[in-house]
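> Sequence first, predicted model second:
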Amino acid sequence: MSEQLDYSASTSVRPSALALLRERDPATKASAAQRFYERLLAGDTTLDTTADIPDPLDLPGRPAAPELVAPSSLKRRSMQSDAGRAVLLHALAHIEFNAINLALDAVWRFPSMPEAFYRDWFKVAAEEARHFSLLSARLVEFGHRYGDFPAHDGLWEMAELTRGDVLARMALVPRTLEARGLDASPPIRRRLAQAGDHASAGILDVILRDEIGHVLIGNHKPTLRNVDDAARRRFNIVPFIHKPPTPDRDLETKLRSEWPGILRWMIEGCLIWQRFGLVRPQVVLDATNEYFTEQDSIRQWIEERCDTGKGTLSDTSTNLFRSWTTWATANGEKPGTTKWFAQALARQEFKSFRKNKARGFIGIEAKPEPVRTHWAD
């Protein structure tokens, strides 16, 4: 184990997620993740969403085996033999082990997210841990254990690529990787059943049911702490406002004769994109702007509780942060740290100043707090 931690005694959610991520023993990691999530549901944990946790160099915790190789060097084997099914079960167990790590990494790495974000991703970690445990136990019944066959590192590479960008992580993990798993699971399950391996097929049923929920986690529009140009460049809100009265279960069959026309339409769209770039329709622009207006709580506070004017106004950081904290608390927002607040004001293009021992910002001044009188006065 990379870090000696009594998982049963630890209560803080995000540091515990990091410690579990650093755990090298797969069985310990899986069982401890499930137990900690049970305690989280029972209210026996604490959560500091704003804490900045240093990034250790030994991530993720994993055993010396399996050997990690290039994906192209992994050969497919027939599911008709026990040996082939053992290789498949090992590959699935490796996917689930990495999925535990990806979920735990999301919990500890990204600060200042809504509390539901951390609960959701710890739930994912616990369910992926259960999947890993089921597959590992089934693998033992074939005379093998996790680590007996080579595997690739593609899933954790996704974590490395998105380590500094929660938006990219949410787009690529639940909406891409998990969604691909939904597509791949039914045919694998069918082939296992055709080979007579109903026990392994039953495990795939459990995984498929849970993975649907994991994909849905990625459907939430995230709560943004920083509404900056980087976020605006990456987000497009596409409103799906048409809901058919009843699902047409024969739609795929009906569309089959239209496939050539649909393909032509897709190609023409791709050619237009290559020539002109992504042209966003007005309905997308309106929905996206509305979303950013809702998310920019700092701008809302400025408009409601501050006066602004370049070069004519200034205020201390202490007074501005006090005003922001009062407004944020009243509106169900977490005020965050003074460092985060200063960065947020800088992104709003207010210039900082320092005079003697006082620090503050130019161009903004907090309004006096409204006097609250007793209802009977």
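That came in fine, so what should we check first?
> quick one: low-confidence parts of the protein?
Of all residues in the chain, those with pLDDT under 70 make up the ranges 1-9, 174-175, 178-179, 181-182, 216, 218-226, 228, 230-231, 311, 371-377.
> Domain ranges for it, per the record?
The record's domain parsing of the chain by automatic domain parsing lists 13-223, 296-366.
> helices or strands up against the helix or strand hosting Met158?
Assigned by DSSP states H and E, Met158 belongs to helix 154-161. On a contact count with 3 or more Cβ pairs under 8 Å, 6 or more residues apart in numbering; DSSP states H and E, helix 154-161 meets helix 82-109, helix 166-172. From N, CA and C alone the C-beta is placed, and that goes for glycine too.
> Between the ones you listed, which one is closest to Arg145.
helix 82-109 (8.8 Å; Cβ to Cβ).
> what angle sits between the helix or strand that that closest one is followed by and helix 82-109?
Using DSSP H and E, the next helix or strand after helix 82-109 towards the C-terminus is helix 115-141. With axes from the mean of the first three to the mean of the last three Cα atoms, to 10 degrees defining the directions, helix 115-141 sits at 160 degrees from helix 82-109.
> ok so, going back, return the most buried member of the helices and strands packed on helix 154-161.
helix 82-109 (a mean of 23; mean count of other Cβ atoms under 10 Å).
> Just give the number of residues close to Ala137.
12 (other Cβ atoms under 10 Å).
> no no, Arg359
There are 14 residues near Arg359, going by other Cβ under 10 Å.
> which residues does it bridge with?
Arg354 (DSSP bridges).
> Now do the same contact list for Arg359.
Contacts for Arg359 were tallied using Cβ atoms under 8 Å, 6 or more residues apart in numbering; they are 316-317, 352-353.
> Among the residues you listed, the buried ones, what's the PyMOL command?
Buried members of the contacts of Arg359, defined by 16 or more other Cβ atoms under 10 Å, are picked up in PyMOL with:
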select buried, resi 316+317
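> Which ones among the contacts of Arg359 lie within strands?
316, 352-353 (DSSP state E).
> Can you redo those as TSV, where the extra columns are distance to Met79?
Shown next, in TSV, are the ones in strands among the contacts of Arg359 (distance: Cβ to Cβ, whole Å):
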residue	distance to Met79
Thr316	69
Ser352	64
Phe353	69
